[in-house]
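Undergrad: Return atomic coordinates for the entry below.
(one chain, ligands or ions: 2)
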Amino acid sequence: MGRYDDVYNGWMADPEAFWAEAAKAIDWYKPYDQVFDDSNAPFNKWFPGGELNTCYNCLDRHVEGGRADQLAIVYDSPMTGQVQKFTYREMRDLVAKFAGALKAQGVEKGDRVIIYMPMIPETAVAMLACARIGAPHSVVFGGFAPNELATRIDDARPKLIVTATCGLEPGRVIEYMPLIHKAIDLSKHKPDGVIVHPRAEVPDWERRDIDVLWADAEAGVEPAECVPVKSTDPLYVLYTSGTTGQPKGVVRDNGGHAVALAWTMKNLYDIDPGQTWWAASDVGWVVGHSYIVYAPLMHGATSILFEGKPVGTPDPGTFWRVIADHDVEVMFTAPTAFRAIKQQDPDGTFIPKYDLSKFRILFLAGERADPATIQWAEEQLKVPVIDHWWQTETGWPMAINPMGIEPLPVKYGSPTRAVPGYDIRILDDNVQEVPRGQMGAISVKLPLPPGTLPTLWNAEDRFKQAYLADYPGYYKTGDAGYMDEDGYLYIMSRTDDVINVAGHRLSTGAMEEVLAQHPDVAECAVFGIADDLKGQLPLGLVVLKAGVAREAKEIENECVQMVRQQIGAVAAFRLVTAVQRLPKTRSGKVLRRTMQQIADGEDFKTPATIDDPAIIDEIKVSLGNLGYPKG
Ligand code: COA
Ligand code: AMP
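TA: Numbering: from 1, shown residues only. Ligands and ions are numbered 1, 2, ... in the order given. Just a heads-up that it's a prediction; the model follows:
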């Protein structure tokens, strides 16, 4: 048995001792009374009785402990041509100042703050400032439309919103203030104020009374000290897509989160304090929360905050330039980014232009990593390329090749084995484990480890229903797949309406809700189809109301615009066609999976329960008109 087995079995034999040991990496104001308390299961508590501050653990203690002049954050933006470097001392001072500003604006411990910002240093400052004063933040990805932002405002009921005047996408400036104002107009809950960081690209905007300039908010205020919070107090709420248009507010606590994240940096990602780490994602997603901001700083590493794309900003060599310029040792991104680079530079001609000698490991997650992309990256970069698997709900990896514990043999198509903390089982519908090699629902035997969601914001019943009800005694991941004889996991698909478009988690159910609002649409179905670049793309079929005489093309274009306006460009919803009727079972269930199989050119069996088998041929023709299956 190797070291991985020793560590995993050690955790399994005594989880509380394992996490108590990991908790030593965190500075506590008040020691916890207990490692784990399940007396109110399923609402379990990690490290109850303990008090800490996540911002203190990310910044102040490093300043006090000898890392004051080490770089904490390096902002590199090919969008603006800027590079800005911040030491731990500088970050602490910026964060303390902005925390003071939040307090002066009336934000108190427990109040929520929504952060709608692009990939700039002020975003990390705002997140850490909230953590500093115990105000849970809720970061909303900048690609979401006002409607989505409004839904989150109504659920989180923030005291304040923190924003910037714009985000930058290749070739266009996205003005945020009209989006923010529109979201506030749409929402029932009205925040007290909006703190605005003006960017050079959009120095001014049409102001409203609630808008406060960042600098004005900071003027004359005292820097704020870290306040002790309970282990179990929420650090943040991050909304993620579920089955419906109402997103789930994943809650993250302070204590368990700090302990788990700090543990992962060396053990899973093989990063030591002082080394440079880059997660090329967005702070609007969980990867950005955990691995751009909290984990690397908790661990005393240097974290790159990158505002750009893998290609086109300006070319497919950008990633290599950033790695070389900042001595990045380990990087984490989504497979789609590498598919984009491979598409534009298949022979890797941009790679030799840069000195990548310090670069050691590439981690990929967020969607299925196809073996061809992994192998291409390995050949080009000559470093281990590690697929790993997790989700917003868990906040940190569930399956990985644990490079800091022991590199395990690679099996392409598998994110390797379960991470200590997770007892992963593959179940059938009767909650029985299936034999190795057989597909089933990927589940985690309860309890979940520290750092994973203790509940959903404002939705305890939904938490139980969505994750715990179907497989009593287990957490339902929503993924289907299998485990082989060696304990390697294979993640094959989702079991719900979630799709992954360019590593962005989206709900087809939410898109259907938008299409159903079109006055000429009687019913609709949206499902994910395979895409060479983005992994998956949404495809919609709409049935028009009887008597609608308008051109179908016109209605289809309106459907595309509606999804763009109500969910956001990030949904990449462009494929939609009108059909006479949808294939359904006799009980009325729409056969989305069958339609996806047709579009992807997979072998499929017409379900025996289908209402009218002739519809399948109609659907084939409609999908064929859209160009599917390809080739
Ligand atoms: N704000 C506003 N709009 C945004 C946005 C943001 N933060 N992020 C994306 N968009 C828009 C894009 O401009 C694009 O709009 P368009 O339809 O008008 O062109 C649309 O949303 C889709 O964007 P994107 O998914 O980025 O696709 P792309 O075609 O521009 O680029 C990739 C493709 C592969 C280069 C890109 O998806 C990528 O870098 N992916 C990595 C994803 C990632 O890091 N995921 C995090 C999980 S780890
Ligand atoms: P998110 O919550 O946005 O991180 O998305 C989580 C979902 O993305 C998971 O439930 C999976 O469906 C998918 N996913 C993440 N990582 C992987 C991976 N390595 N392989 C396959 N699917 C993945």
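
Undergrad: distance between the longest helix along the chain and the chain's centre?
TA: Criterion DSSP state H: the longest helix present in the chain is helix 88-104. In terms of CA atoms, centre = their mean, to the nearest Å, the centre of helix 88-104 is found 26 Å from the chain centre.

Undergrad: Quick check: mean pLDDT of the following helix or strand past it?
TA: Sequence-wise, the next helix or strand downstream of helix 88-104 (DSSP states H and E) is strand 113-116. Averaging pLDDT along strand 113-116 yields 98.

Undergrad: cool, stretch 182-192 as well?
TA: 98.

Undergrad: and residue 63, what does it touch?
TA: 88, 89, 92 (CB atoms under 8 Å, 6 or more residues apart in numbering). The C-beta positions use only the backbone N, C-alpha and C, and glycine is treated the same way.

Undergrad: Closest to ligand 2 out of the residues you listed?
TA: residue 88 (28.2 Å; CB to the nearest ligand atom).

Undergrad: pLDDT value on that closest one, please?
TA: 99.

Undergrad: right, and it touches residue 73 too?
TA: No - contact between residue 88 and residue 73 fails when scored by CB atoms under 8 Å: they sit 9.1 Å apart.

Undergrad: what about the residue of the chain positioned farthest from its centre, which SS state?
TA: Residue farthest from the centre of the chain, counting by CA atoms, centre = their mean, is residue 547 at 43.0 Å. The three-state assignment at residue 547 reads coil, by DSSP: H, G, I helix; E, B strand; the rest coil.

Undergrad: tell me the mean pLDDT for the helix or strand in which residue 597 is found?
TA: Using DSSP H and E, residue 597 falls within helix 592-599. On average, the pLDDT along helix 592-599 is 95.

Undergrad: CA atoms only: put it into CSV for me.
TA: Output in CSV follows, covering the C-alpha atoms of helix 592-599 (Å, rounded to 0.1, in the frame of the first residue of the first chain):
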residue,chain,number,x,y,z
ARG,A,592,-35.0,15.0,-23.6
ARG,A,593,-32.4,12.3,-23.3
THR,A,594,-33.5,10.6,-26.5
MET,A,595,-33.4,13.9,-28.4
GLN,A,596,-29.9,14.5,-27.0
GLN,A,597,-28.8,11.1,-28.3
ILE,A,598,-30.2,11.8,-31.7
ALA,A,599,-28.4,15.2,-31.9
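
Undergrad: change the start of the numbering to 127 and stick with it
TA: Okay, using 127 as the starting number, the last item reads as helix 718-725.

Undergrad: Beyond it, next helix or strand please.
TA: Next along the chain after helix 718-725, taking DSSP H and E as the criterion, comes helix 740-751.

Undergrad: buried ones in that following helix?
TA: 741, 742, 745, 748, 749 (16 or more other CB atoms under 10 Å).

Undergrad: With adjacent residues omitted, what lies nearest to residue 138?
TA: Counting by CB to CB, 6 or more residues apart in numbering, residue 138 lies nearest to residue 549, which is 7.1 Å off, once chain neighbours are set aside.

Undergrad: That neighbour: what's it in contact with?
TA: Residue 549 sits in contact with 138, 570, 571, where contact means CB under 8 Å, 6+ apart.
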